[in-house]
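Visitor: The sequence and its predicted three-dimensional model are supplied below.
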Amino acid sequence: MNLRYPASTARRRFVNALSTPWRLLGDLGDHADFYRKAILAAPTAATRHKTEQVRLIAEVGMSTGALAVIGGASVITLFITLFAGVTGGVQTFDTLRNLSLEALGGFASAIFNPRLLTPIVAGVALSATVGSGFTAQLGAMRVAEEIDALEVMGVRSIPYLVSTRLIAGMITIIPIFAMALVGGWIGWKLVQVNFFGLSEGTYDHYMDTFIQNSDIGYAFIQAVGIAVVVILIHTYYGYNATGGPAGVGEAVGKAVRTTLIAVISAEMFISFALYGTSDVFRISG
């Protein structure tokens, strides 16, 4: 009689350690293949699923149900960046005051808001509102076998479910990010002028001197890039969700965690590409 004994704990750990890099490479390959299919199918989605596209644009911009009462993702992002601007204004004013340079509060707002603060905060807000909704929607469809039903009916699921959401996010991120920029600037100025007593004229002078139209344009480029990253990640986890309702919740959690890392990474690389060749601050006027 042959007895089979389980492998030792040390051996199992060694095997798992060796297999982990290969699993990570396989996951990265699955992500890349899904993203490629979603991006390449965007023209098909824009031409063949116009009704669904319009519905998703309205849903992303204004949300549905109770969230629609307060304006959906647009207003939520506005308030998030407003308080982020307040926090940034407090921190920078305190730091500049230690150097007797508090008059440069407007300069800090002109540089930090469009280049760093607003794109990151808007990306995180987009993940928490729109992205999580996409993951939950697609995950529920997957576990209910609705995606399989679409494929059986001859409807390509990636163009209809993923690419349409990608296009909707790219379109609606423009007004959402515009409101986010306004919220960041209002919060920054509000706390420095109304609470710390900085002269409004001094603040506006340095703000107008250092703000650049190109920075605002670059900020929108960053916003679109971050929106693409956020939506692709969230739709991937929702599209491939397994394990019933609990699996959908787990997919949302994984998507949010991955997006937080991806937003910071995307912001870093896009900022390097846009501002990496410049080592000076240009003064307008």
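Guide: Received the coordinates, thanks.

Visitor: which residue ranges form the strands in the protein?
Guide: Under the criterion DSSP state E, the chain contains no strands.

Visitor: who's in contact with the most centrally placed residue in it?
Guide: A centroid search over the chain (C-alpha atoms, centre = their mean) returns G123, at 2.8 Å, as the residue closest to the centre. G123 makes contact with 223, 226-227, 229-230, 259, 263, 266-267, according to C-beta atoms under 8 Å, 6 or more residues apart in numbering. C-betas here are computed from N, CA, C, even on glycine.

Visitor: what's the burial count for V248?
Guide: Residues near V248, counting by other C-beta atoms under 10 Å, number 24.

Visitor: pretty sure it contacts A144?
Guide: No. When contacts are counted by C-beta atoms under 8 Å, V248 is not listed as touching A144 (9.9 Å).

Visitor: Show the pLDDT at A41.
Guide: Among the per-residue scores, A41 holds a pLDDT of 91.

Visitor: what does I167 give?
Guide: 91.

Visitor: which two from the contacts of G123 end up farthest apart in space?
Guide: A223 and T259 (14.5 Å; C-beta to C-beta).

Visitor: in stretch 190-210, what counts as buried?
Guide: By 16 or more other C-beta atoms under 10 Å, the buried positions in stretch 190-210 come out as 191-193, 198, 202-203, 206-207, 210.

Visitor: From one end of it to the other, what's the distance?
Guide: One end of stretch 190-210 to the other measures 19 Å (C-alpha to C-alpha, to the nearest Å).

Visitor: So what's the gap between stretch 29-39 and the chain middle?
Guide: How far stretch 29-39 lies from its chain's middle: 18 Å, per C-alpha atoms, centre = their mean, to the nearest Å.

Visitor: do the same with stretch 95-109
Guide: So, by C-alpha atoms, centre = their mean, the centroid of stretch 95-109 is 30 Å from its chain's centroid.

Visitor: Sort out which residues of that stretch are buried, please.
Guide: Across stretch 95-109, burial judged by 16+ other C-beta under 10 Å covers 96, 102, 104-109.

Visitor: In helices, which of the residues you listed appear?
Guide: Mapping the buried residues of stretch 95-109 onto helices (DSSP state H) picks out 96, 105-109.

Visitor: Out of those residues, which is nearest to V252?
Guide: S109 (34.2 Å).

Visitor: And the pLDDT for the closest one?
Guide: S109 carries a pLDDT value of 87.

Visitor: Tell me the spacing between L161 and G26.
Guide: Relative to G26, L161 is positioned 23 Å away (C-beta to C-beta, to the nearest Å).
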